[in-house]
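> all I have is the shape, not the residue letters:
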Ligand SMILES: NC(=O)C1=CN([C@@H]2O[C@H](COP(=O)(O)OP(=O)(O)OC[C@H]3O[C@@H](n4cnc5c(N)ncnc54)[C@H](OP(=O)(O)O)[C@@H]3O)[C@@H](O)[C@H]2O)C=CC1
Ligand SMILES: O=C(O)C(=O)CO
């Protein structure tokens, strides 16, 4: 099988699959239109998110048998059209769920214990203790929305911190020893900390908006390691300003890389998030550790071999 690599990944992918007879071409720079011209020659592609795999792309990919996404989210692929075309979709959430779970915990500790702010103050010669009194995670009720790979990995960590973990998911009866499944209404009533672990769909686009936030019974901390467009940023900013959201830890932003590189000074919401003491922001690195790079690659290799080693 001839595979086109469209993004850089861990070298074990080519090492292990070449040893099994797969042929590779790397193209980490060509624009979408140039990839279209040659995509008909390949049996498989391995991607992260550089090139959108839309219907037009798939119509040119006459021989494509699989799309392997090094990562969890599949929103840059026209999944429905790919399935209709008989193309196998392979993702690798098992490879970065531990990384995401640690990142969630890390961001929340930084926020609730004021670790970053107080450390910066001390380094600048400021010694403030009362203003930097922390808030413990122990005993809090954590509400997760989405209980798949990421949600489950997060629940395991929070239960180890002595939290009550509840979650809402559209799949029924998937509770386990780490978390109890509840209705969305119950979650809104009980949660002190809200963390979302959803894909982007029609239903989950802007799922966290003014109405959702108003329906939360308590003031709460909010964590987003899912996708920026799960949250209506302007509504989150308003809730941070009013105090309804006590703090936000965001690994993903509605205005991600493109707007950031071209930082739009007119964008008051982005400016607020970047400047507020109540907000921690990271550059979409929750699933991006040294270990996850290797694990994601290994999951991809194993899944490709499980389905295509005889081809
Ligand atoms: N920041 C980062 O670096 C990373 C971010 N991510 C993000 O995390 C997301 C979640 O990943 P993962 O846990 O692997 O995904 P999963 O598909 O394993 O889990 C998501 C769960 O949410 C459920 N769900 C879908 N829609 C709704 C809804 N409207 N209400 C409640 N539950 C819903 C899904 O049900 P069903 O299966 O029926 O759809 C599923 O059980 C990814 O899509 C990606 O966006 C992932 C990895 C790294
Ligand atoms: O795995 C994912 O979906 C991520 O966001 C990281 O690429």
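In hand now; what should we look at? The structure presented is a predicted model; accordingly, all values stated were derived computationally and were not measured. Ligands and ions are numbered 1, 2, ... in the order given.
> residue 165 is in contact with residue 158, correct?
Yes. Here residue 158 reaches residue 165: they are 5.0 Å apart, a contact under C-beta atoms under 8 Å. Placement of C-beta: from N, CA and C, glycine included.
> which other helices and strands does the longest helix seen in the chain contact?
For the chain, the helix with the greatest residue count under DSSP state H is helix 290-308. Where contact means 3 or more C-beta pairs under 8 Å, 6 or more residues apart in numbering; DSSP states H and E, helix 290-308 is packed against helix 12-19, strand 44-47, strand 66-69, strand 88-90, helix 97-112.
> and the helix or strand following the second one, what does it pack against?
Yep, that's strand 44-47 we're talking about. Counting by DSSP states H and E, the next helix or strand C-terminal to strand 44-47 is helix 55-60. When contacts are defined as 3+ C-beta pairs under 8 Å, 6+ apart, helix 55-60 sits against helix 32-38, helix 79-84.
> just to revisit the earlier point, what sits in contact with each of residue 158 and residue 165?
Residues touching both residue 158 and residue 165 by C-beta atoms under 8 Å, 6 or more residues apart in numbering: 142, 178.
> next one: phi and psi at residue 273?
phi -60, psi -40 (degrees, to the nearest 10).
> I figured residue 190 hits residue 216, correct?
No. In this structure residue 190 lies outside contact range of residue 216 using C-beta under 8 Å: 9.7 Å.
> of the two, who's got more company?
The residue with more neighbours, out of residue 190 and residue 216, is residue 216; 21 against 16, by other C-beta atoms under 10 Å.
> OK, contacts around that one?
So residue 216 contacts 188, 191, 194, 244 (C-beta under 8 Å, 6+ apart).
> just the element for residue 222, please.
Using DSSP H and E, residue 222 falls in strand 220-224.
> again, but for residue 178
Assigned by DSSP H and E, residue 178 belongs to no helix or strand.
> from ligand 2, how far out is it?
Look at residue 178 and ligand 2: by C-beta to the nearest ligand atom, to the nearest Å, they are 21 Å apart.
> picking that back up, export the helices and strands packed on helix 290-308 to a markdown table and tack on mean pLDDT and distance to ligand 1?
Formatted as a markdown table, these follow (pLDDT from 0 to 100; distance: least, C-beta to the nearest ligand atom, whole Å):
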| stretch | mean pLDDT | distance to ligand 1 |
| --- | --- | --- |
| helix 12-19 | 98 | 18 |
| strand 44-47 | 98 | 15 |
| strand 66-69 | 98 | 10 |
| strand 88-90 | 98 | 12 |
| helix 97-112 | 98 | 5 |
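> dump these into TSV; add distance to ligand 2 and mean neighbour count as well.
Formatted as TSV, the helices and strands packed on helix 290-308 follow (distance: least, C-beta to the nearest ligand atom, whole Å; neighbours: other C-beta atoms under 10 Å):
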stretch	distance to ligand 2	mean neighbour count
helix 12-19	15	16
strand 44-47	10	24
strand 66-69	8	23
strand 88-90	13	17
helix 97-112	8	21
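> please enumerate the helices of the stretch 101-250 of the chain.
With DSSP state H, counting those that start in this stretch, the ranges of helices along the stretch 101-250 of the chain come out as 115-123, 149-160, 184-190, 210-215, 233-242.
> and the ones you listed: which comes nearest ligand 2?
Ranking the helices of the stretch 101-250 of the chain by their distance to ligand 2 (criterion: C-beta to the nearest ligand atom) puts helix 149-160 first, at 8.8 Å.
> what residues does the stretch 1-150 of the chain have near ligand 2?
Residues of the stretch 1-150 of the chain that fall close to ligand 2, judged by C-beta under 6 Å from any ligand atom: 71-73, 96.
> how near is residue 228 to residue 196?
According to C-beta to C-beta, to the nearest Å, residue 228 stands 11 Å off from residue 196.
> more neighbours, those two?
Set side by side, residue 228 and residue 196 show more neighbours around residue 196, with 22 against 16, by other C-beta under 10 Å.
> what mean pLDDT does stretch 197-217 get?
Stretch 197-217 carries an average pLDDT of 98.
> typed the wrong thing, it's stretch 291-299
98.
> looking at the chain, which helix or strand is least sure?
One helix or strand of the chain scores below all others by mean pLDDT, DSSP states H and E: helix 257-261, with a mean of 64.
> returning to what we had before: now tabulate the helices and strands packed on helix 290-308 in a markdown table and tack on distance to residue 287.
Below are the helices and strands packed on helix 290-308 laid out as a markdown table (distance: least, C-beta to C-beta, whole Å):
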| stretch | distance to residue 287 |
| --- | --- |
| helix 12-19 | 17 |
| strand 44-47 | 15 |
| strand 66-69 | 12 |
| strand 88-90 | 16 |
| helix 97-112 | 5 |
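> pop the domain breakdown of the chain in here.
Taking the TED database as the domain assignment, the ranges for the chain are 2-91, 96-281.
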